[in-house]
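In: Have a look at this fold, sequence not included:
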């Protein structure tokens, strides 16, 4: 598990610049696909067809992009000002490191402030790539970077910079491997781009597929750390079946079905109501004539920090739940 | 059915956003005798089609959209305290949480449970929370059960609907919950009834849309799936009332309001206005640059675009449990829609297409 | 004098009420396109068929709407209340002259004279909802004879070219985005492209990219280029900071804004083309803002998009300033990049 996961989470793929992830995942899933394609936005579409008549079109989405930064200005002394790609939180920046597509490593600093306790806004931060002026700066305005941090396994707890949502990709890859050849649905696994900037890749993919059922695989916040904002999701309590987040209310029948399949298969699960944040499911729900949308969430601590942490037992539960759901009938 | 009874049945049937099953089923039963076919679609909207008498196939179709969902709450946490169980909740749609303390609500768990939204008095709250509106962190929904029993019956993610019977006030005024937007669904029902006795050549697609209060879901999806030639959204608008006296606001009992602005196609607006004139019905015109926050927003840009109009019913105290409307406005809105539909003819669409290229020659009214 | 820019910027077309601009554009492109149509929201869509060399359809978008005002109420005294249409800085409104409705009734946005202010009021921003338009009517009936609720109002600004700057600096209203419209008209007036070019003069960009959404859906292009006018903040400043874009530095190429990450292959094609042809360009500061690409990119099943923009100072005010050299760079770069476009650049490998 950990070797594949390490390669996924350490790969470079800020939103809009996901080529490395697509190249990494494609050979892993190709043996399990009836056909495979890349659309205009860069989504990787892995299709498993069925001979079953009247089969439902099911879209499964796990996003391959991660949050990052983009250079907006190079100062006379060769420092970079930057903007965020996706939900970058300023208090995670100071001392953090970023990596550009060409491998250039940058260290993040912050403008001086007399109020050392205050969190400075992103605009007060800069990236030091070791240049002394505009001429020797290896980065141009418009270049993107991802955060740079090694994967670490601590028993059941797995920690990395981009568990959001490489762990969802891992669940999707593993489910593709385990699914029987004769799944009774017309399923497309979408390894989607640009989720972190507004579920954009899934929107285009859903507009192409027009699924009947859409399920996102993504991380969710937990309420199990000191002084956490109340939330009844905990690491280790199993996959979280999403009922709503700030962008979507899941299809009630699909939620019931997920619970039933989990109970039948003896998979421990928890229910999720998330304040803030959303997933690719919201784009699928509203595409075309609309679809029954839902999400299987992997509980994750410290989302959008360099140390996003999941529990391997929850991950296994997610894979089992997805396989159980896709292997049986989907009667809404 | 008397308009009050109609509104009573509709407002008292629960349908929080995302869980519109009961209200969609109630409407389906009500509309079935009035239309040719009904279905509840994949996202929970009720779609009813009443075919027109026109002989040219395919017949043009008008889509009427009124949202079925109402504001509600959802269980986020089940909390034990001294052996008792309490529910923490969060909002579905734009709930005005200042009004929640002391309301009753129903949790739709394994069985429906009635509870009270309560909180500690100021003196018992932490200092920083005193004198502030209650928040979802210090409100509880209390159904009076011990924790073990509560956990058996309720789970995180269960829907909660408000409970407030519709009341008669003076004259034709009524007050209750969910008049936003059951007042419009009542008008749509009255429109379908009126059309039983009126010849109309166009097909009428009446949609009770799901999840308007959250993301205009049903309008996006039914606009796409039904491919209407034109659409009219029916919703509520702010009426003048305490603390709301801007000249732009509609009068309660003053007739429906017809929206104008970038979301609205001028030819559809004019058709509504001409229908009002034919009925000698008083209406107000409300121009809104930011859009009115209704299904019209989503309908207009579905597929290749749908020329869209907007009819609104004046309402006081929107998004509370004492929303107040005038049954006369509901009836007028129903009559207006029926009149507008009956007047749609073969020339309407060609005229509509020319509208946007016809030079404006407004007559100077002198002065 | 650039006739196109003059005619287009002096026409009125506030978001939702673009008819005058639409009619003008129809006349400006007549004879240069193979077909045109107007859709449900008022987008003007025109096709210039290709030479047949390439099986491809490319959408070029320029929004025709401008920010402005919408009359929301005629008060008993004959004063007009209004809503702002599109993003506005209220400070840009005070003391301006506007034209209202199809009759272009002239009105002013007045305010209490400086002498009559209460202490502490001076220096505070006056909010738009505290302002009124005065057309000089004596009462409500007098105003209602000239203006209706729902009428649009736009600034009154004549187009000028600044002789002192060699005529290469232009001032006027609504360069955002009549500059883009003018550039698109110039493209349509040129030779056929190897592929079908679909021009979309779109409505309601300023109120949420609304027109472009349905234009992209109905035309389903293989790629799209948006022509825009983007704010230049190149005013005197001590800070070592990006000016977003600067006047005179050339065509602005978008990489990322709040709504879109532009297709990297198209961005590279634009900059390569500019380098090869010696056309001046600048990378617009990535980050906020947004163009119609935000509505086009995902409308159908995913469309590669790019944006080229003319830098403009003082956007969303009655008077903007652009460099005609930058404008020419946008026209030349758009033309050259489109002629060099191939299916390999457009499609993912």
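Out: Here it is on my side, so go on. Only a predicted model underlies this, so the values are computations on that prediction, with no experimental measurement involved. Numbers count the residues shown, from 1 in each chain, chains lettered A, B, ... in the order given.
In: who touches the closest residue to chain B within chain C in this structure?
Out: Residue nearest to chain B within chain C: residue C:16 (2.9 Å; C-beta to the nearest C-beta). To be clear about C-beta, it is placed using only N, CA and C from the backbone, and glycine gets the same treatment. By C-beta atoms under 8 Å, 6 or more residues apart in numbering or on different chains, the contact list for residue C:16 reads B:261, B:262, B:263, B:289, C:65, C:70, C:85, C:152, C:203, C:204, C:207.
In: quick one, strands of the stretch 101-250 of chain A?
Out: A:105-110, A:125-128, A:144-147, A:152-154, A:157-160, A:186-192, A:213-220, A:240-245, A:248-249 (DSSP state E, counting those that start in this stretch).
In: Give me the packing partners of the last one, helices and strands only.
Out: Looking back up the chat, that one is strand A:248-249. Here strand A:248-249 touches helix A:281-285, going by 3 or more C-beta pairs under 8 Å, 6 or more residues apart in numbering or on different chains; DSSP states H and E.
In: Give the rounded mean pLDDT of the helix it packs on.
Out: Averaging pLDDT along helix A:281-285 yields 97.
In: backbone phi and psi for the residue of chain C closest to chain B, please?
Out: Main-chain torsions, residue C:16, degrees, to the nearest 10: phi 100, psi -20.
In: For it, give its distance to residue B:220.
Out: For residue C:16, the distance to residue B:220 (C-beta to C-beta, to the nearest Å) stands at 20 Å.
In: Closest one to residue A:58 out of the contacts of residue C:16, please.
Out: residue B:263 (34.3 Å; C-beta to C-beta).
In: Near chain A, which residues of the stretch 101-250 of chain B are found?
Out: Contact residues (C-beta under 8 Å from any C-beta of the partner chain) of the stretch 101-250 of chain B with chain A: B:137, B:155-157, B:211, B:214-215, B:217-218, B:220-222, B:224-225.
In: Grab the nearest non-local neighbour of the residue of the stretch 251-367 of chain B found nearest chain C.
Out: At 2.9 Å from chain C, residue B:262 is the closest residue in the stretch 251-367 of chain B, using C-beta to the nearest C-beta. Of all residues not flanking residue B:262 in the chain, residue C:16 sits nearest, at 2.9 Å (C-beta to C-beta, 6 or more residues apart in numbering or on different chains).
In: so what pLDDT did the one you found get?
Out: Residue C:16 is given a pLDDT of 95.
In: just checking, residue B:312 touches residue B:239?
Out: No: the pair residue B:312 / residue B:239 is not scored as a contact, 9.8 Å apart, by C-beta atoms under 8 Å.
In: got the residues of the stretch 101-250 of chain C near chain B?
Out: Contact residues (C-beta under 8 Å from any C-beta) of the stretch 101-250 of chain C with chain B: C:101-103, C:137, C:141-142, C:145-146, C:149-150, C:203-204, C:207, C:210, C:213-214, C:217-218.
In: which ones among the residues you listed are found in helices?
Out: Of those, the ones assigned to helices by DSSP state H are C:141, C:142, C:210, C:213, C:214, C:217, C:218.
In: Quick one: the helices in the stretch 201-349 of chain C, in order.
Out: C:210-219, C:264-277, C:293-296, C:324-339, C:343-346 (DSSP state H, counting those that start in this stretch).
In: nearest to residue A:92, of these?
Out: helix C:264-277 (25.9 Å).
In: Buried residues of the closest one, list them for me.
Out: C:264, C:265, C:266, C:267, C:269, C:270, C:271, C:273, C:274 (16 or more other C-beta atoms under 10 Å in any protein chain shown).
In: interface residues of the stretch 101-250 of chain B facing chain C?
Out: B:246, B:247, B:248.
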